[in-house]
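1. Kindly return the folded structure for what I paste below:
(chains A and B)
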Amino acid sequence: MKNVVEFKGVTKHFKDFSLEDVHLQIRQGCVTGFIGANGAGKSTTMKLMMNLLKADAGDINVFGLDYASNEKEIKERMGFVYDSNVFYESLNLKDIRRIVAPAYKNWNDKQFFDYIKKFELPLNKGMKTFSKGMQMKASLAMALSHDAEFIMMDEPTAGLDPVFRRELLDILQEIMEDGRRTLFFSTHITSDLERIADYITFIQKGKILFNDSIEDVQNRYALVKGSMDVINRDVEKMFIKIERSSYGFTALTNDVAGVKAVLGDRVTMEPATVEDIMFYAKGAEKQNV
Amino acid sequence: MFNLIKKDVFIQKTQIGFLVPLIMIFAIFIKDIHPSFIFLMAAVFIPLNAYIFDHQSKTNILLNSLPYTRKEIVAARYIGAIVYMILSIILAGVILYVLQFDYTMRDMAIAAGLFCLIAAFAFPLFYFLKAEYIFIAAFIGFIASTIMLPPVFRFLAEHLTTITDFITSLSTSTLYLSGAAIAISLYLISWVVSQFIYQRKVF
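-> Below is the predicted model:
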């Protein structure tokens, strides 16, 4: 499978935060969910992807091209949805279209107005009156109107009411149907991932912890529950983090087979949700998540 | 890039409507105003307004996410400013002509030169500063220049007679040509500096 985006050893330092040696691949034709705690480096990674920031070291390729010599071509083929309004607040959608449309070679006006109708967006109201969901739809309509092959979305579902969120996820699912597009979106809401993502990228403290298919992640991790007396030093090594309580322990493992072989029936195992993985990885005692 | 220049009109179409009455008010009510000042004000109006708009909200993120390079964004700003300056000065010229307010081509040329000087300093400064400080910087700049400039000119006039003698000894055409050359070179240098700053900007 081809990669739409490739980060090779990308490093970016800030005063109080840095991305270290990030390797990342986003596969073509798939939905990749990007998760991580606040301040883990999600927005920085996405800004690097859009060339809003420049990496201190490493290579970033989009569609196999680099920004230094192909910036315009890359951006022609990319769509973006940011988590806050980037459009001129006092303008309405009609005027925004007059600014955005001529920027793209393959802009399709008919498609734009079709999506505006479908998303039930007002053409004559100022952007500042748009709710977060409407802004999201407006950005998405623009991305789809220039037939973007790769759409990057920064927390598209945050702050949306549940009904609207489902609607957006349905729209995303629909635009992915023909298999030509690639979608990369960051989120805090892990149930979104389980609904539409094929791959999950997990970032923590500026490091990518994993970047795998959702089945792989679900097969690799499990929650283990049992009484405290089975815990010893060797057993501890198989766990990413152990939560102890007076009734026993709950732990996250990425070594399902190992735990089964050593502890067998003395513990119970449950599939770990993405949220479990995020929670346990946060306080990980060992760094081999 | 032409699209980026055109964009400056869309984003401030309501504000542009104020330009004509503003010029008329100046011409009708302030009789002893120097025509150069009216031309300068008209020239500054659109480019400065466009600049302020683009610094609002997160427009830089939008422009840089569209298929434009940073070089083009800065170039559009500098070329657009000249285009709008010329159009505004012509507009002001027509209005003043209709209102029978006396002016000469020289007044227009002085305004254009001053515009280049102001823009040459203001643009790189604005690119360098964060949006929230621009208003403060412009305000301080304005106060400082009103306080500082008259005494500076008086000092120059009194003490540096050699310079003033030299300037007055020049023929008018040499004076204007060299003035134009200085204004244009500063504008071009400013363009290079702005590009350098903008290439390194983080959004």
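
2. Stretch A:98-113 vs chain B: in contact?
-> Yes - using Cβ under 8 Å from any Cβ of the partner chain, stretch A:98-113 reaches chain B at A:R98, A:I99, A:V100, A:P102, A:A103, A:Y104, A:K105. (C-beta placed from N, C-alpha, C; glycine too.)

3. wait, which of those is closest to A:E89?
-> Distance to A:E89, by Cβ to Cβ, is smallest for A:I99 among these, at 13.2 Å.

4. tell me the phi and psi of that closest one?
-> phi -90, psi -40 (degrees, to the nearest 10).

5. Which strand or helix spans the closest residue to it other than its chain neighbours?
-> The shortest distance from A:I99 to any residue other than its chain neighbours is 4.9 Å, reached at B:K7 (Cβ to Cβ, 6 or more residues apart in numbering or on different chains). Taking DSSP states H and E as the definition, one finds B:K7 inside helix B:2-11.

6. Near chain A, which residues of chain B? Just list them.
-> B:3, B:6-7, B:10-11, B:13-14, B:53, B:56-59, B:61-62, B:64-69, B:202-203.

7. Just the buried residues out of these, in ChimeraX syntax.
-> Remark: buried members of those, expressed as a ChimeraX selection using 16 or more other Cβ atoms under 10 Å in any protein chain shown:
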select /B:3,7,10,11,53,57,58,59,61,62,64,65,66,67,68,69,203
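
8. roughly how far apart are the spatially most central residue of chain A and chain B?
-> For chain A, the residue sitting closest to the mean C-alpha position, by Cα atoms, centre = their mean, is A:F34 at 2.1 Å. Distance, A:F34 to chain B, by Cβ to the nearest Cβ, to the nearest Å: 17 Å.

9. strands paired with the strand or helix carrying that residue, and their directions?
-> Using DSSP H and E, A:F34 maps to strand A:31-35. Here strand A:31-35 is paired, per DSSP bridges, with strand A:182-186 (parallel), strand A:199-204 (parallel).

10. May I see the buried residues of it?
-> Applying 16+ other Cβ under 10 Å to strand A:31-35 flags A:V31, A:T32, A:G33, A:F34, A:I35 as buried.

11. Can you get me a residue count around the closest residue in space to A:K128 that isn't next to it in sequence?
-> If the residues on either side of it in the chain are set aside, A:K128 comes closest to A:E89, at 4.1 Å by Cβ to Cβ, 6+ apart. Neighbour count of A:E89, defined by other Cβ atoms under 10 Å in any protein chain shown: 15.

12. A:E89 contacts A:T129, correct?
-> No - applying Cβ atoms under 8 Å, one finds A:E89 not in contact with A:T129, separated by 9.2 Å.

13. Low-confidence bits of chain B, can you list those?
-> Scanning chain B for pLDDT under 70 picks out the ranges B:56-57, B:131-132, B:134, B:153, B:156-157, B:160-164, B:167.

14. And the helices in it, which stretches?
-> In chain B, the helices defined using DSSP state H lie at B:2-11, B:13-16, B:19-29, B:35-55, B:59-65, B:70-98, B:105-128, B:131-159, B:161-169, B:172-199.

15. The residue nearest to A:K128 belongs to a helix?
-> No - counting by DSSP: H, G, I helix; E, B strand; the rest coil, A:E89 is not part of a helix but coil.

16. and residue 10, what does it touch?
-> Answering for chain A, as no chain was given. Applying Cβ atoms under 8 Å, 6 or more residues apart in numbering or on different chains to A:V10 gives the contacts A:L19, A:D21, A:V22, A:H23, A:L24, A:L48, A:A55, A:A57, A:G58, A:D59, A:I60.

17. hm, I was asking about chain B
-> Contacts of B:F10 by Cβ under 8 Å, 6+ apart are A:L91, A:D95, A:R98, A:I99.

18. at 10 Å what do you get?
-> A:Y88, A:L91, A:K94, A:D95, A:I96, A:R98, A:I99, B:I16, B:A50, B:F53 (Cβ atoms under 10 Å, 6 or more residues apart in numbering or on different chains).

19. measure the closest residue to the fourth one other than its chain neighbours to B:G141 for me?
-> For A:D95, the nearest residue in space outside its immediate sequence neighbours is B:F10; the separation is 5.3 Å by Cβ to Cβ, 6+ apart. In this structure, B:F10 and B:G141 are separated by 28 Å, where distance is defined by Cβ to Cβ, to the nearest Å.

20. Could you give the number of residues near B:D32?
-> Residues lying near B:D32 (other Cβ under 10 Å) number 4.

21. Can you get me the start-to-end distance on stretch A:209-228?
-> This stretch, stretch A:209-228, spans 28 Å end to end (Cα to Cα, to the nearest Å).

22. which of the residues in that stretch are buried?
-> Applying 16+ other Cβ under 10 Å to stretch A:209-228 flags A:L209, A:F210, A:N211, A:I214, A:V217, A:Q218, A:R220, A:Y221, A:A222, A:L223, A:V224, A:G226 as buried.

23. gap between it and the chain center?
-> Taking Cα atoms, centre = their mean, to the nearest Å, one finds stretch A:209-228 lying 19 Å from the centre of the chain it belongs to.

24. what about it, average pLDDT?
-> Averaged over stretch A:209-228, pLDDT sits at 88.

25. Look up how far chain A lies from the spatially most central residue of chain B.
-> Compute the mean C-alpha point of chain B, and by Cα atoms, centre = their mean the closest residue is B:F115, 3.5 Å away. As judged by Cβ to the nearest Cβ, B:F115 and chain A stand 25 Å apart.

26. Residue 87: what's its closest spatial neighbour, skipping adjacent residues?
-> This is for chain A. A:M127 (4.7 Å).

27. wait, I meant chain B there
-> B:I46 (7.9 Å).

28. Isn't the one you found up against B:K7?
-> No - when contacts are counted by Cβ atoms under 10 Å, B:I46 is not listed as touching B:K7 (11.9 Å).
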